[in-house]
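Chemist: what follows is a protein structure lacking sequence information:
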Ligand SMILES: O=c1ccn([C@H]2C[C@H](O)[C@@H](COP(=O)(O)O)O2)c(=O)[nH]1
């Protein structure tokens, strides 16, 4: 199996493999694409989930927003469409997402006694060698819905405690090797890291196992630009605190909602005054910056200056005009 140290090198290699060595050219649901089937790789350091290619311009704020959306068990479109305006295309009723809203399947107890997350965690505590620790996502009934716009691409996530490390396998029926993979591997490795924290064991290896790995034809030109661009930036992705993170996640998401609804603004002092660890304060700072971008306000320099260099890089690379304005203003 192809093995990579981090997601950045995996992404570039997989993209090149699918783009230049596709086995099939076809049109599933009418969308022209190229693909390989039965595609698998391993990442040795799953916490290193950043994609730094300058031309790819990854939206790290969407990536955090999406995985936190999962963790809160939420399936509401208004939350996620604030971070990505394409999301309404996948909603059947304009109100919720069904297939893509993995969180409501994993972290919401839905009237049962406990969520899938809790069940898997309890199982691993009781039987660390278990081969049953599966979070199930795809549901056969999704195919019975006529013209379903949003069928889960992920079948499930399986955890293994082996050599006292937490390994995880993500199984996907289909994965877009240019777009979807960026947010999926980000979210899944984040979920892996969170489970490792809950179990108080180190993060192990991440395995990505996909039925069809493909690239859509309209993305071809952009893909070639990304493949031609050498990766110059490299950062170490921050690690989640070793303590129990759930209270801080809840606090973060309470602020997130107020920022998204434009009910509050937060400068660096306000962010520092929260009770969260610096790791979560950094994500709150990213949400605060996104609010300024979304509502067309000037980015608060105190917030930008206190971001870790890795997050400054992502914001500058994705929204250069907003950051240029900030730098011009600061020189006045
Ligand atoms: O988490 C996700 C959700 C969707 N997709 C991509 C895979 C497919 O290209 C497309 C879904 O289209 P169908 O396979 O349902 O036709 O979205 C992903 O890569 N990851």
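Modeler: Everything's here; your move. Keep in mind the model is a prediction, meaning the values are calculated, not measured.
Chemist: buried set for the helix or strand encompassing residue 284?
Modeler: Assigned by DSSP states H and E, residue 284 falls within helix 278-294. The neighbour-count criterion (16 or more other C-beta atoms under 10 Å) identifies 280-293 as the buried residues of helix 278-294. Any C-beta I mention is one placed from the backbone N, CA and C, and that applies to glycine too.
Chemist: check stretch 210-221 too.
Modeler: Buried, per 16+ other C-beta under 10 Å, within stretch 210-221: 210-216, 219.
Chemist: so can I have CSV of those residues showing pLDDT and distance to residue 89?
Modeler: Listed next are those as CSV, based on pLDDT from 0 to 100; distance: C-beta to C-beta, whole Å:
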residue, pLDDT, distance to residue 89
210, 98, 22
211, 98, 22
212, 98, 20
213, 98, 22
214, 98, 18
215, 98, 19
216, 98, 14
219, 98, 16
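Chemist: grab the two from these that are most spread out in space.
Modeler: Across these, no pair lies farther apart than 211 and 219, at 19.5 Å, counting by C-beta to C-beta.
Chemist: all helices of the stretch 51-200 of the chain, in order?
Modeler: With helices called from DSSP state H, counting those that start in this stretch, the stretch 51-200 of the chain shows them at 60-71, 77-83, 102-106, 116-126, 180-199.
Chemist: ok, for the residue of the chain at minimum distance from the ligand, nearest residue in space, not its chain neighbours?
Modeler: In the chain, the residue that lies nearest the ligand is residue 180 (2.1 Å; C-beta to the nearest ligand atom). Spatial nearest neighbour of residue 180, chain neighbours left out: residue 153 (6.7 Å); criterion: C-beta to C-beta, 6 or more residues apart in numbering.
Chemist: try residue 162
Modeler: residue 204 (6.8 Å).
Chemist: can you list the domain ranges for this protein.
Modeler: Domain ranges of the chain: 2-228, 246-331, per automatic domain parsing.
Chemist: can I get these in JSON lines including distance to residue 238?
Modeler: What follows is these, written out as JSON lines (distance: least, C-beta to C-beta, whole Å):
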{"stretch": "domain 2-228", "distance to residue 238": "8"}
{"stretch": "domain 246-331", "distance to residue 238": "6"}
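Chemist: least confident of the ones you listed, on average?
Modeler: Comparing mean pLDDT across the domains of the chain, the lowest value falls on domain 246-331: a mean of 93.
Chemist: tell me where the stretch 201-332 of the chain has strands.
Modeler: 203-216 (DSSP state E, counting those that start in this stretch).
Chemist: show me what from the protein comes close to the ligand.
Modeler: Residues of the chain lying near the ligand by C-beta under 6 Å from any ligand atom: 28-29, 100, 151, 153-154, 174-176, 180, 184.
Chemist: now restrict those residues to buried residues only.
Modeler: 100, 151, 153-154, 174-176, 180, 184.
Chemist: including distance to residue 50, could those residues go into TSV?
Modeler: Formatted as TSV, those follow (distance: C-beta to C-beta, whole Å):
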residue	distance to residue 50
100	22
151	29
153	22
154	21
174	24
175	19
176	19
180	17
184	15
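Chemist: max pairwise distance over these: which two?
Modeler: Spatial extent of these (C-beta to C-beta) is set by the pair 151 and 184 at 14.7 Å.
Chemist: number of nearby residues for residue 160?
Modeler: Residue 160 has 19 neighbours, counted by other C-beta atoms under 10 Å.
Chemist: so it sits against residue 134, correct?
Modeler: No - look at residue 160 against residue 134 with C-beta atoms under 8 Å: they stay out of range, at 10.5 Å.
Chemist: residues contacting residue 169?
Modeler: By C-beta atoms under 8 Å, 6 or more residues apart in numbering, the residues touching residue 169 are 157-158, 160, 207-209.
Chemist: cutoff 10 Å now
Modeler: Shown in contact with residue 169 (C-beta atoms under 10 Å, 6 or more residues apart in numbering): 40, 42, 134, 156-160, 188, 192, 205-209.
Chemist: what sits against the closest residue to residue 79 other than its chain neighbours?
Modeler: Distances taken as C-beta to C-beta, 6+ apart place residue 69 nearest to residue 79, at 5.8 Å, with adjacent residues excluded. Residues in contact with residue 69 (C-beta under 10 Å, 6+ apart) are 62, 75-76, 79-80, 83, 97, 100-104, 107, 187, 253, 256.
Chemist: check residue 154 too.
Modeler: Residues in contact with residue 154 (C-beta under 10 Å, 6+ apart) are 99-100, 102, 105, 135-138, 170-175, 180, 184, 187-188, 210.
Chemist: how about residue 131?
Modeler: For residue 131, the contact set (C-beta under 10 Å, 6+ apart) comprises 158, 160.
Chemist: phi, psi for it please.
Modeler: Backbone torsions of residue 131, given as degrees, to the nearest 10, read phi -120, psi 20.
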